[in-house]
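coords below, sequence missing:
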């Protein structure tokens with residue numbers, strides 16, 4: 001049903017034209033009857049003239065009512081009624097008829113007009129009485145005496161009755177119409193409230209209750225001492241479905257899932273639609289979340305289209321009151337469980353446990369610690385030496401990141417994933433590059449002009465539009481020889497924008513900065529990258545070294561890669577050498593440089609420089625067996 005349009009604000013207190021015309025008709029008839037009664041009884045001669053003249057005037061208004069606006073009719077009628085009332089009050093101040101007429105006039109004025117405009121009527125009446133009083137005192141107006149006693153005349157009582165009738169029509173009709181209008185608007189408000197409640201507590205797309213409705217019902221059950229299981233169903237793959245088919249088809253699919261769940265779940269269970277592709281199921285007095293999930297999963301997968309599009313229902317669950325005494329506590333814990341799902345396409349039910357909350361708290365503390373380190377220069381570089389494969393003498397260093405603090409600080413394997421997850425890698429990378437470039441002059445001075453320092457750069461930083469210009473400014477500010485800096489990238493970066501990678505590498509190499517392909521052989525596209533662009537250095541992934549002593553295939557692959565690098569005129573760095581047996585095998589290849597714990601562990605700059613000061617020149621021939 002289409003909604004009735006709301007009237008203008010003023011229409012809420014204005015009378016209808018029909019009621020005004022009815023009051024005008026009654027006023028005309030009563031004014032005429034009063035004038036006639038006063039003439040027959042020979043009383044109130046001035047009132048007789050005023051009432052008679054008013055009856056004629058009001059009758060004319062009645063005849064011309066279709067040509068007059070409601071406002072004009074009302075103004076003229078109220079002014080006429082005010083004149084009649086004032087005349088009666090002056091003629092006989094102790095008779096009630098004038099006051100009753102004035103009461104009717106005021107009722108109509110205050111019912112139809114706003115307060116400020118309606119107040120003009122009593123103000124004019126008071127001013128009129130004051131004016132008449134002054135004129136009588138100045139003998140400019142003379143009130144003739146009665147010809148009979150008014151209280152003994154039947155006509156006086158008839159006039160009083162007619163005045164009461166006029167006031168009853170004015171006040172009663174106004175109140176009745178306003179009451180009818182009020183009831184009508186109350187009905188409209190109740191309908192609007194019902195619609196608002198529907199919108200507030202129900203999901204428009206599926207017709208299910210929303211999170212507000214779920215919260216209201218769960219809190220009521222928990223307050224009543226009931227237990228239950230809250231299951232949140234997460235539909236993985238719905239984002240891809242949305243991207244392929246659009247929002248309209250996604251909403252239709254969610255509606256069909258809601259219908260399937262409603263039809264397939266037992267009576268008494270409460271189903272609600274949450275944000276995104278999530279449904280919530282509150283099962284009263286149920287403790288087995290796995291059985292509940294399997295039934296919900298069957299309902300969802302009953303539609304073959306879902307399986308075809310790869311939509312997988314996973315779930316997390318909490319039990320009440322064990323996991324929370326209110327909806328907010330339960331939902332907070334279930335969000336913790338959802339965040340612990342092992343993969344995006346998880347297809348099981350993960351119950352909440354207290355360990356999850358502790359892990360979440362530890363994760364938040366870790367993020368805060370990493371953020372604090374970023375904001376307060378808490379990351380610093382350590383340097384692991386690389387040696388020439390033939391002489392085992394210093395060939396340069398690789399800079400690795402560490403975080404300052406006590407003994408419990410996280411290592412790179414912990415804080416690097418967090419930096420990636422939070423989108424802080426570009427900020428972190430520039431912070432580390434700044435510190436590494438500032439350290440290069442000291443390393444060059446201590447170990448010779450040919451010393452090179454390698455720095456790892458993540459894909460987000462390497463692909464940022466400002467990377468080349470920012471790095472150029474850092475190099476120029478420090479005054480170092482650009483050829484002393486090596487930028488290490490992994491083949492992961494090539495999965496984003498190969499052409500941009502080629503362009504950035506070309507610009508850096510034109511500046512003199514060297515490019516190293518790190519973790520070579522760990523992916524599937526390394527050879528294609530070697531074919532499409534030139535690297536100054538390739539670093540063989542440590543996975544080839546771990547089993548090189550026993551695995552002949554790993555040794556053959558390592559040998560082939562080193563020979564390939566030699567033919568491509570690239571330095572080949574083998575990292576991860578930790579034992580003498582591994583070193584023996586590596587030395588049988590054509591690798592250029594070796595890196596690993598067998599020669600040196602990553603150490604702070606101050607430790608490296610302190611160890612170097614105790615070694616005699618020339619520094620270029622320094623053995624790199626630095627203190628562990």
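In hand now; what should we look at? Since the model is a prediction, treat every value here as computed from it, not as a measurement.

name the spans of the stretch 401-550 of the chain whose pLDDT lies under the cut-off.
By pLDDT under 70, the low-scoring segments of the stretch 401-550 of the chain are 406-407, 495-496, 522-529.

isn't residue 82 up against residue 126?
No: taking contacts as Cβ atoms under 8 Å, residue 82 lies outside contact range of residue 126: 10.7 Å. (C-beta placed from N, C-alpha, C; glycine too.)

so between these two, which is more surrounded?
The neighbour count for residue 82 versus residue 126, taken as other Cβ atoms under 10 Å, is higher for residue 82 (20 against 11).

contact partners for the more buried one?
102, 105, 121, 124, 125, 128 (Cβ atoms under 8 Å, 6 or more residues apart in numbering).

please apply the same query to residue 255.
In this structure, residue 255 makes contact with 205, 206, 207, judged by Cβ under 8 Å, 6+ apart.

would the last one count as being in a helix?
Put plainly, it is residue 207. No: judged by DSSP: H, G, I helix; E, B strand; the rest coil, residue 207 forms no part of a helix; its state is coil.

for it, which non-adjacent residue is spatially closest?
By the measure of Cβ to Cβ, 6 or more residues apart in numbering, the closest residue to residue 207 outside its immediate chain neighbours is residue 258, 7.0 Å from it.

my read: the one you found touches residue 279, true?
Yes: taking Cβ under 8 Å as the definition, residue 258 is a contact partner of residue 279 at 7.2 Å.

which neighbours do these two share?
With contacts taken as Cβ under 8 Å, 6+ apart, residue 258 and residue 279 have 208, 271, 273 as neighbours in common.

so the second one, which of the three states?
Going by three-state DSSP, the secondary structure assigned to residue 271 is strand.

so in terms of bridging, what pairs with it?
Using DSSP bridges, the beta-bridge partners of residue 271 come out as residue 281.

tell me which residue lies nearest the centroid of the protein.
In the chain, the centroid-proximal residue (Cα atoms, centre = their mean) is residue 275; its distance is 11.1 Å.

follow-up on the earlier one: filter the contacts of residue 255 down to the buried ones.
Among the contacts of residue 255, those that count as buried by neighbour count (16 or more other Cβ atoms under 10 Å) are residue 206.

list just the nearest of the contacts of residue 255 to residue 483.
Minimum distance to residue 483 across the contacts of residue 255 is 61.6 Å, recorded for residue 205 (Cβ to Cβ).

on that earlier part again, is it possible to export the contacts of residue 82 to a markdown table including neighbour count?
Below are these laid out as a markdown table (neighbours: other Cβ atoms under 10 Å):
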| residue | neighbour count |
| --- | --- |
| 102 | 22 |
| 105 | 26 |
| 121 | 21 |
| 124 | 14 |
| 125 | 18 |
| 128 | 17 |
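
and the residues you listed, which two are the farthest apart?
Farthest-apart pair in the contacts of residue 82 is 105 and 128; separation 12.1 Å (Cβ to Cβ).

so for residue 258 and residue 279, which sits in the more crowded spot?
Of the pair residue 258 and residue 279, residue 279 is the one with more neighbours under other Cβ under 10 Å, namely 24 against 20.

just to be sure, that one is in a helix?
No: the assignment for residue 279 is strand, going by three-state DSSP, so no helix is present there.

what is the nearest of the contacts of residue 82 to residue 333?
Closest approach to residue 333 among the contacts of residue 82 (Cβ to Cβ): residue 121, at 67.5 Å.

what sits against that closest one?
Counting by Cβ under 8 Å, 6+ apart, residue 121 makes contact with 78, 82, 105, 106, 109.

save those residues as TSV, and put in pLDDT, distance to residue 417 and secondary structure too.
Written out in TSV, the entries for these read as follows (pLDDT from 0 to 100; distance: Cβ to Cβ, whole Å; DSSP: H, G, I helix; E, B strand; the rest coil):
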residue	pLDDT	distance to residue 417	secondary structure
78	84	82	helix
82	84	87	helix
105	79	84	helix
106	76	80	helix
109	77	78	helix
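
between these, which is nearest residue 333?
Taking Cβ to Cβ as the measure, residue 109 is the one of the contacts of residue 121 closest to residue 333, at 64.5 Å.

that closest one contacts residue 118, doesn't it?
Yes: taking contacts as Cβ under 8 Å, residue 109 lies within contact range of residue 118: 4.3 Å.

for burial, what's the neighbour tally of residue 276?
11.

go on, residue 508?
Neighbours of residue 508 using other Cβ under 10 Å come to 22.

you'd agree it is up against residue 467?
No: with contact defined as Cβ under 8 Å, residue 508 does not reach residue 467; the gap is 9.0 Å.

for residue 109 and residue 118, work out which one has more neighbours and name it.
Comparing residue 109 with residue 118 by other Cβ under 10 Å, the one with more neighbours is residue 109, at 22 against 19.

can you give me the distance of the more buried one to residue 124?
When distance is defined by Cβ to Cβ, to the nearest Å, residue 109 is 10 Å away from residue 124.

residue 450 too?
Residue 450 sits at a distance of 107 Å from residue 124 (criterion: Cβ to Cβ).

try residue 43
With Cβ to Cβ as the criterion, residue 43 and residue 124 are 27 Å apart.

also residue 418?
Distance, residue 418 to residue 124, by Cβ to Cβ: 80 Å.

got it, and residue 597?
When Cβ to Cβ is applied, the distance between residue 597 and residue 124 equals 105 Å.

now do the contacts for residue 549.
Under the criterion of Cβ under 8 Å, 6+ apart, the contact list for residue 549 reads 579, 581, 582, 585.

next, format the residues you listed as CSV and append distance to residue 398 and neighbour count.
Compiled in CSV, the contacts of residue 549 are given as follows (distance: Cβ to Cβ, whole Å; neighbours: other Cβ atoms under 10 Å):
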residue, distance to residue 398, neighbour count
579, 20, 14
581, 23, 12
582, 18, 20
585, 22, 18
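
about what we covered before: next one, pLDDT for the residue nearest to residue 207 please.
In the prediction, the pLDDT value recorded for residue 258 is 88.

what sits against it?
Contacts for residue 258 (Cβ under 8 Å, 6+ apart) come out as 206, 207, 208, 271, 273, 279.

relative to residue 252, how far out is it?
Taking Cβ to Cβ, one finds residue 258 at 11 Å from residue 252.

can you count the residues close to residue 103?
18.
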